[in-house]
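[1] Following is a predicted model, sequence given first.
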Amino acid sequence: MARQRIIRQQAVAEPRTERTEVVYPEEGDGPMARHPLQFDAMAYAWASLDHHLENRSDVHIRLDMFVYYQEGLPEFRVTPNVFVAIGDFPAPEECYKVWEARVAPQFVLDVLWGPDAVPEVEEKREVYRQLGVEEYWRFDPFGGLLPEAADGARVLGERLMPGGWYAPIPPGSSGWPLSEVVGLEFREEGGLLRVWDSATNRPYLSYAESEKARKAFECQTEEERRRRRASEREFKKHRRDKKRERQLRRAAERRAEEHGSEWRRERQLRKAAERKAEEHGSEWRRERQLRKAAERKAEEHGSEWRRERQLRKAAERKAEEHGSEWRRERQLRKAAERKAEEHGSKRRRARQLRRVTEQCGRSLEAKVAALQALVPDSATVQD
């Protein structure tokens, strides 16, 4: 597009004898941008603003669109690289007419394409001031084209003051100026324009960065898909193994059910043998208690017999010492012998009881041996 001529003087239209339709061209004859860096910055800023304000229906964001500000005079126009108009009016599709929208764009961004752009941008800045554009931003991708910017900055934002003149927007807490109209910060990093969301403190990605992130995400998604498929294969293999294991277990359960009747029969026989052993064990314990009682009685009679024998010996010693009393002692000895005879009969009785008890014990041991022969696997009956 040839250099646009911004007509600023007030032209007085001559009276028209006939009413003719006024044509407002949609685009010029030249290209949209005059340098690749200019186009990249314009496209990036437009995409970032559109993404940030996409949920607002009253916001209209346009890229390189004619803005007509004098009704009936199409030569009075200006072409912002990117502008934002906020208001409840139909979205402009072909061109922006200020008298139809009843409001001028509130935000304008121009990207310089070289030293030749400085005079035209200054003329456009004056038009924006007269139209009442609230914020005017400029970006210099080359450096040194914004002498009024502090410290050689490449991004310059200006806000329209109540007196009708532009003043630089001061840096915020992050060190960069913040647009109050769109709520974004415009920075310069490595000679490129960066649009930062102050709410998330993160920049919006350019098309190349978005493509790179998209490809990285697709690679990650593909890797996750491969891992998921591998996990699904492993799960199917595990499910087949579990099915095979379940089939083997059911076969084993069927075999166990077939042998279960024999096992139950053996268990019944073992329990019957255990009951018999328990019955014989109770009889054996009873016999052992009787044998121990007999032994205790025999021990008691034995102690009496020993006492009598001691007395007899003492009597014999006394008879030996005293001969005159020998007959008396003999009588006493005979009396003692008779008593001993009586006690001897008791001792023989106790010995007979002990023999009977021993015979009962041998009979019980024979029964236990027979029981062990009947049930080989049962535990040996212990005392």
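    Received it, and whenever you're ready, just let me know what you need. Residues are numbered from 1 along each chain as shown.

[2] gap between stretch 113-124 and the chain center?
    Between the centre of stretch 113-124 and the centre of its chain there are 57 Å (C-alpha atoms, centre = their mean, to the nearest Å).

[3] can you pull out the helices in the stretch 1-150 of the chain?
    Under the criterion DSSP state H, counting those that start in this stretch, the stretch 1-150 of the chain contains helices at 36-52, 98-101, 117-131.

[4] Please identify the deepest-packed of those.
    helix 36-52 (a mean of 20; mean count of other C-beta atoms under 10 Å). Bear in mind the C-beta positions are built from the backbone N, C-alpha and C, glycine included.

[5] Now do it: everything it contacts.
    Residues outside helix 36-52 that contact it (C-beta atoms under 8 Å, 6 or more residues apart in numbering) are 32-33, 61, 63-64, 81-82, 84, 109, 111-113, 139, 141-142, 182-184, 186, 192-193, 195, 197, 204, 206-207.

[6] what do you get for stretch 63-76?
    7, 11, 13, 22-28, 32-33, 42-43, 46, 77-83, 92, 95-99, 104-105, 127, 131.

[7] from what I can see residue 133 touches residue 107, true?
    Yes. Assessed by C-beta atoms under 8 Å, residue 133 is found in contact with residue 107 at 7.5 Å.

[8] what about those two, which has more around it?
    residue 133 (27 against 24; other C-beta atoms under 10 Å).

[9] and the nearest residue to the more buried one once chain neighbours are set aside, what does it touch?
    In space, and not counting its chain neighbours, residue 133 is closest to residue 108: 5.2 Å by C-beta to C-beta, 6 or more residues apart in numbering. Residue 108 is in contact with 80, 82-84, 128, 133, 135-137, counting by C-beta under 8 Å, 6+ apart.

[10] Now, these that are in strands?
    Residues of those located in strands (DSSP state E): 82-84, 135-137.

[11] Residue 361: which of those is nearest?
    Nearest to residue 361 among these, counting by C-beta to C-beta, is residue 84 at 117.3 Å.

[12] That closest one: neighbour count?
    Neighbours of residue 84 (other C-beta under 10 Å): 24.

[13] Could you report the separation of the residue nearest to residue 133 from residue 85?
    The spacing between residue 108 and residue 85, counted by C-beta to C-beta, to the nearest Å, is 10 Å.

[14] Look up how far residue 231 lies from residue 142.
    According to C-beta to C-beta, residue 142 and residue 231 sit 53 Å apart.

[15] Looking at the two now, which is surrounded by more residues?
    Comparing residue 142 with residue 231 by other C-beta under 10 Å, the one with more neighbours is residue 142, at 15 against 10.

[16] That one reaches residue 111, doesn't it?
    No. Contact criterion C-beta under 8 Å: residue 142 and residue 111 do not qualify, at 10.3 Å.

[17] related to what we said a few turns ago, filter the contacts of helix 36-52 down to the buried ones.
    33, 61, 63-64, 81-82, 84, 109, 111-113, 139, 141, 182, 184, 186, 193, 195, 204, 206 (16 or more other C-beta atoms under 10 Å).

[18] Just the residues you listed: which are in strands?
    For the buried ones among the contacts of helix 36-52, secondary structure assignment (DSSP E) places 61, 63, 82, 84, 109, 111, 139, 184, 186, 193, 195 in strands.

[19] Any chance of those in CSV with distance to residue 245 and pLDDT as columns?
    Listed next are those as CSV, based on distance: C-beta to C-beta, whole Å; pLDDT from 0 to 100:
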residue, distance to residue 245, pLDDT
61, 64, 94
63, 66, 93
82, 67, 96
84, 68, 96
109, 69, 96
111, 70, 95
139, 69, 95
184, 62, 94
186, 66, 94
193, 64, 93
195, 60, 94
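
[20] follow-up on the earlier one: Serialize the contacts of residue 108 to CSV and add fields for distance to residue 166.
    Formatted as CSV, those follow (distance: C-beta to C-beta, whole Å):
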residue, distance to residue 166
80, 15
82, 18
83, 16
84, 17
128, 8
133, 9
135, 9
136, 6
137, 11
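
[21] In which helix or strand does the nearest residue to residue 322 once chain neighbours are set aside reside?
    Spatial nearest neighbour of residue 322, chain neighbours left out: residue 329 (7.5 Å); criterion: C-beta to C-beta, 6+ apart. Using DSSP states H and E, the element containing residue 329 is helix 326-374.

[22] Summarise which helices and strands that helix is packed against.
    helix 207-321 (3 or more C-beta pairs under 8 Å, 6 or more residues apart in numbering; DSSP states H and E).

[23] Relative to residue 304, how far out is residue 255?
    Residue 255 is 73 Å from residue 304, by C-beta to C-beta.

[24] for residue 26, same thing?
    Counting by C-beta to C-beta - residue 26 and residue 304 are separated by 146 Å.

[25] Likewise for residue 31?
    Taking C-beta to C-beta, one finds residue 31 at 144 Å from residue 304.
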